[in-house]
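**Student:** Structure for the following, please:
(one chain, ligands or ions: 1)
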Amino acid sequence: MNILKCENLTKSYGNVKALNGFSFTVSRGSITGLLGPNGAGKTTTLKIINGLITKYGGEVEIFGEKISPGNFSYRRKIGFVPEDFSLYEYMRGTEIIEFNGELTGKSGEKIIENLQNTFKLPLERKIATYSRGMKKLLSLYLALQTNPELLVLDEPTDGLDPIIRSKLFDFIFDYVSRFKTTILFSSHILSEIERISDRVVFIKNGKRILEEDIDSLKENSALFVVKAKSENAEIPDFVIYEKKDDFIEIRAIGNAKETEEKLLETNFEIIEKIPLTFEEIVVNYMEAHK
Ligand code: ATP
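**Tutor:** Here you go, the predicted model:
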């Protein structure tokens, strides 16, 4: 069952089309990784979902209800870690946690204690003195404080050192398995996406170019090194290929089985079939789709 459905989202900033008919879904209990090049439209999408952008085209349905500018009640069930956290700089960490607890009616003492045991933020200090990474962690505290049904994270590990980054993923993983929280997150770090996602959505130029379960995407992607057996052997039109002297390298992404059948049918000899890493899959696919 879908917890979130975005349909045909459009958003322009002046002449810039940030979203150009973007559609995707997130199913309940899943971890979905949103990935795409700089400026692809990820932050814009996550802001729309969180009600921070209200002027846009298309529709967003969350928890089975369409969101509209006047209807913010759904936001109580979402925890959001924005790309940049720059609010309430004059407050101390403890104060903002207390404030958020009062505002939402959920003090989340236990989860804050667990977070603090792991990350040890200087909560007595003013937020203005926090580093970027500390602010990112603090916004995670606030997002988890209310025990949300849907956790939306915009580049959650941006600015974090490798040890904290790894702890953060362990924490989120443990949290999700206990509370069955649904997660939608964006990241440029492919190993992170690969490590925790069940499903990936690729966005480029404001449009979805791929949406698939990560395991089946990896299983069904391969590099074929092939040789034509006859003059008229034709490369299937749905693959990415490169001619090399006597051979042709074919990268099949999400369609290796179909590609293999087609290659054999169309008179190619398969010399080698090599699995692609997740990074190769993403880079090749992103480059091939304009
Ligand atoms: P990144 O990976 O670099 O964070 P992104 O995928 O999150 O990028 P967005 O921040 O959603 O991309 O931006 C999408 C497009 O909209 C970009 O071309 C960006 O320059 C533009 N854009 C975003 N916010 C604004 C704004 N407030 N005013 C003008 N243009 C904007």
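**Student:** interface residues of the protein facing the ligand?
**Tutor:** Contact residues, the chain versus the ligand (CB under 6 Å from any ligand atom): 13, 16, 18, 36, 38-44. Quick note: C-beta positions are derived from backbone N, CA and C, even for glycine.
**Student:** average pLDDT for whichever strand or helix holds L9?
**Tutor:** Assessed by DSSP states H and E, L9 sits inside strand 2-13. For strand 2-13, mean pLDDT rounds to 96.
**Student:** which secondary structure elements does that strand contact?
**Tutor:** Secondary-structure packing of strand 2-13 (3 or more CB pairs under 8 Å, 6 or more residues apart in numbering; DSSP states H and E): strand 16-27, helix 42-49, strand 57-62, strand 182-186.
**Student:** residues of the first one that come out buried?
**Tutor:** Right, the one you point to is strand 16-27. 18-20, 22, 24-26 (16 or more other CB atoms under 10 Å).
**Student:** same question, stretch 209-220
**Tutor:** Residues 209-212, 214, 217-218, 220 are the ones in stretch 209-220 that count as buried (16+ other CB under 10 Å).
**Student:** I'd assumed E59 was in contact with I49.
**Tutor:** No: contact criterion CB atoms under 8 Å: I49 and E59 do not qualify, at 11.6 Å.
**Student:** Which one's more surrounded, those two?
**Tutor:** For the pair I49 and E59, the greater number of neighbours falls to I49 (23 against 14), based on other CB atoms under 10 Å.
**Student:** So I281 sits against I253, correct?
**Tutor:** Yes: between I281 and I253 there is a contact under CB under 8 Å: 5.4 Å.
**Student:** where do the contact lists of the two overlap?
**Tutor:** Taking CB atoms under 8 Å, 6 or more residues apart in numbering as the criterion, I281 and I253 both touch 217, 221.
**Student:** give me every residue that touches the spatially closest residue to R76 that is not a sequence neighbour.
**Tutor:** Leaving aside its sequence neighbours, R76 sits nearest to T104 (CB to CB, 6 or more residues apart in numbering; 6.6 Å). Applying CB under 8 Å, 6+ apart to T104 gives the contacts 76, 145-146.
**Student:** Buried ones among those residues?
**Tutor:** Looks like the contacts of T104 have 145-146 buried, using 16+ other CB under 10 Å.
**Student:** In helices, which of the contacts of T104 appear?
**Tutor:** Secondary structure from DSSP state H places Q145 of these in helices.
**Student:** the helices in the stretch 151-290 of the chain, which residues?
**Tutor:** Applying DSSP state H, counting those that start in this stretch to the stretch 151-290 of the chain gives helices spanning 162-179, 190-196, 214-219, 256-265, 278-288.
**Student:** and the ones you listed as JSON lines, adding mean pLDDT?
**Tutor:** What follows is the helices of the stretch 151-290 of the chain, written out as JSON lines (pLDDT from 0 to 100):
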{"stretch": "helix 162-179", "mean pLDDT": "89"}
{"stretch": "helix 190-196", "mean pLDDT": "90"}
{"stretch": "helix 214-219", "mean pLDDT": "95"}
{"stretch": "helix 256-265", "mean pLDDT": "88"}
{"stretch": "helix 278-288", "mean pLDDT": "91"}
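**Student:** Out of those helices, which is closest to K135?
**Tutor:** helix 162-179 (12.7 Å; CB to CB).
**Student:** What would that closest one look like as CSV? C-alpha coordinates only.
**Tutor:** The C-alpha atoms that make up helix 162-179 are tabulated as CSV, following Å, rounded to 0.1, in the frame of the first residue of the first chain:
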residue,chain,number,x,y,z
PRO,A,162,32.4,9.1,8.2
ILE,A,163,32.0,7.7,11.8
ILE,A,164,28.9,9.7,12.6
ARG,A,165,27.6,8.9,9.1
SER,A,166,27.9,5.2,9.8
LYS,A,167,26.4,5.6,13.2
LEU,A,168,23.5,7.5,11.7
PHE,A,169,22.7,4.7,9.3
ASP,A,170,22.9,2.1,12.0
PHE,A,171,20.6,4.2,14.2
ILE,A,172,18.1,4.8,11.4
PHE,A,173,18.1,1.1,10.5
ASP,A,174,17.5,0.0,14.0
TYR,A,175,14.8,2.7,14.4
VAL,A,176,13.0,1.6,11.3
SER,A,177,13.0,-2.0,12.2
ARG,A,178,11.5,-1.2,15.6
PHE,A,179,8.9,1.4,14.5
